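In: what follows is a predicted protein model with its sequence.
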Amino acid sequence: MPAMALVDRNGVYGAPQLPYGREEGGHPRAHIGSEITCTNGPTYPLLAETREGYQNLCRLVTRMKLRARKGERRGHARRN
């Protein structure tokens with residue numbers, strides 16, 4: 001298997017446990033992502049292609065959780 005993706009729901013919780021490396025080194029290439037759930041129901045899987053993309057994804061997840069109203073489930077992105 002040349003690559004595998006890990007997509008957590010509304011976060012990137014499992015990324016630290018995923019083995020990183022190249023196919024030649026015995027590990028498949030890792031793709032990290034998150035399945036973001038909007039308040040109106042649909043979910044969108046987002047994969048990071050680069051380190052910068054991963055940083056942007058982490059910022060998006062953090063912003064989404066910080067914008068949730070008090071008492072509201074913190075795993076949903078509000079669609080403006």
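Out: Structure received.

In: am I right that Val12 is in a helix?
Out: No - counting by DSSP: H, G, I helix; E, B strand; the rest coil, Val12 falls outside a helix, being coil.

In: give the contact list for the residue nearest to the spatial centre of the chain.
Out: Centroid-nearest residue in the chain: Ser34, 2.4 Å away (criterion: Cα atoms, centre = their mean). Counting by Cβ atoms under 8 Å, 6 or more residues apart in numbering, Ser34 touches Val7, Asp8, Arg9, Asn10, Gly11, Val12, Pro45, Leu46, Leu57, Val61. From N, CA and C alone the C-beta is placed, and that goes for glycine too.

In: the closest residue to Val12 other than its chain neighbours pairs with what?
Out: The spatially closest residue to Val12, leaving aside those adjacent along the chain, is Ser34, at 5.5 Å (Cβ to Cβ, 6 or more residues apart in numbering). Legend: beta-bridge partners of Ser34 under DSSP bridges are Asp8, Leu46.

In: list phi and psi for the nearest residue to Ala3 once chain neighbours are set aside.
Out: Across the structure, with Cβ to Cβ, 6+ apart as the measure, the residue nearest Ala3 apart from its sequence neighbours is Arg29 (4.1 Å). Backbone dihedrals for Arg29, given as degrees, to the nearest 10, come out at phi -70, psi 130.
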